[in-house]
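Student: Sequence first, predicted coordinates after that:
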Amino acid sequence: MNLSATRLFERLQPFLALSRTPHALIDMAAPALAALLCLGSFPPPTVVLVGLITVFAGYTAVYAVNDLVDLRADRRKAANGGHQVAGHDLDGVMMRHPMARGALSFGAGAAWTAAWGVVALFGAYWLNPVCLYIFAAGCLLEALYCTLWRVTPWRTVINGIVKTLGPLAAVYAVNPAPSPVFVAVLFAWIFVWEIGGQNIPNDWTDVEEDRRFGARTIPLRLGPARAGILALACLTAAMFLNVALLGLSPLRFGGVYLLIAVAVNLLLLLRPVMRLNRNRQRDDAMALFNKASYYPLAFFVLVLVRLLQS
C-alpha cells in the first residue's frame, strides 16, 4: 500500500468503524443468500450490481444510525472507561464508537450516514419500490431499538425484525410476488438466528457495563441460565427453519447438501451455544457471536456451489 492509499485509509477508518464495515460486509451475505434461494438461479447482472451497491449502502447507513442515536449514551460509557474490547470481538476489529471517542464529529458521521442512505434509497427504488419502504422501516426501527436501551429488554424483538429486512428486501428485488410461505419461513429463520446468535450473546459480553449504566437487556433481565436457554431454543429453531427454507427454494438440494447444512448449524450455532450454557462465560458468549456472524455467509457459499453445479 503506497503512502497516499495509506493516508486515505487512515482518513476513512473512523467512518468505516462507525458503520462496522467488517461486520457489515459479512452481513451482506444474508440478502444475497435470500435472493438466490428465492430465485433458484442468478439474477440478471444489472440487478446483481445494483443490488450489491444498495445492500452495502443500506448496511453502512443502518449500522451508523445506531451510533448516531446512541451517541449520548456512548459518550457516557467512554468517559467512564466503557467500550473496552476483550478477546476477539468481531465488532471490535476497528475502533468501537468513533464519535463517542472523539475520532469523528457528529456532523461528519451524520453526513456519511445520509450520503449512504440516499444511495440505498435510490438503489432500493430502482430494484423495487417495496425495497425502499423496507429500508426506510429498517432505519426507523433501528433508531427505536436504540432509544429503548434503558427501557425494556424486549427491544431485542425489534432488533430481530431489523435484521430480517435486508434479506426480505433482497427477495422482493428479484421476485415482485414471492411465495408467502417462503417469506414467512425466511423471516422466522433470520429472526431466531439474530436473537439467539447475535443479540443475546452480544449483550452477554457487555453485561457488566450494561448493569453499571442501567441498561435493560435479556441477559440482565432473565439472568445467565434463562438467557442461555432462550438462545439455545432460538438456535435450535434456526436449524429446523433452515432445512425447511432449503426445501422451499426452487433450487433442489440433495441429501449431501442437507447433511452439510445440518453440520453448519451444529458447528456455528449449536455447539457454541451449548458451550455457553455449560460455562456461562463472557468468552463463550463472544465466541458464539463471532461464529454465528459467519452463519449466513457459510450458507451463501453452500448455495453458490449448488448453483454452479446446476
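Tutor: That came through fine.

Student: where in the stretch 1-150 of the chain is pLDDT low?
Tutor: Along the stretch 1-150 of the chain, the parts satisfying pLDDT under 70 run over 1-3, 5, 9, 81-93.

Student: Break down it into its helices, ranges please.
Tutor: Taking DSSP state H, counting those that start in this stretch as the criterion, the stretch 1-150 of the chain carries its helices at 3-18, 21-27, 29-39, 45-69, 71-79, 106-127, 129-147.

Student: chain center to the helix ranked longest in the chain: distance?
Tutor: The longest helix of the chain (DSSP state H) is helix 218-248. Counting by Cα atoms, centre = their mean, to the nearest Å, helix 218-248 is centred 16 Å from the centre of its parent chain.

Student: again with stretch 156-175
Tutor: From the chain centre to the centre of stretch 156-175 is a distance of 10 Å (Cα atoms, centre = their mean).

Student: Just the mean pLDDT for that stretch, thanks.
Tutor: Mean pLDDT, stretch 156-175: 96.

Student: So for it, what gets flagged as buried?
Tutor: Buried residues in stretch 156-175, counted by 16 or more other Cβ atoms under 10 Å: 156, 158-175. Where C-beta positions appear, they are placed from N, C-alpha and C, glycine not excepted.

Student: dump the residue contacts of Leu186.
Tutor: Ala34, Leu37, Cys38, Thr164, Pro167, Leu168, Val171, Leu245 (Cβ atoms under 8 Å, 6 or more residues apart in numbering).

Student: how about 7 Å then?
Tutor: By Cβ atoms under 7 Å, 6 or more residues apart in numbering, the residues touching Leu186 are Ala34, Pro167, Leu168, Val171, Leu245.

Student: Could you do Tyr145 as well?
Tutor: Residues near Tyr145 by Cβ under 7 Å, 6+ apart: Arg155, Ile158, Asn159, Val162.

Student: wait, Cys146 sits on Asp70?
Tutor: Yes - between Cys146 and Asp70 a contact is recorded at 4.9 Å, counting by Cβ atoms under 7 Å.
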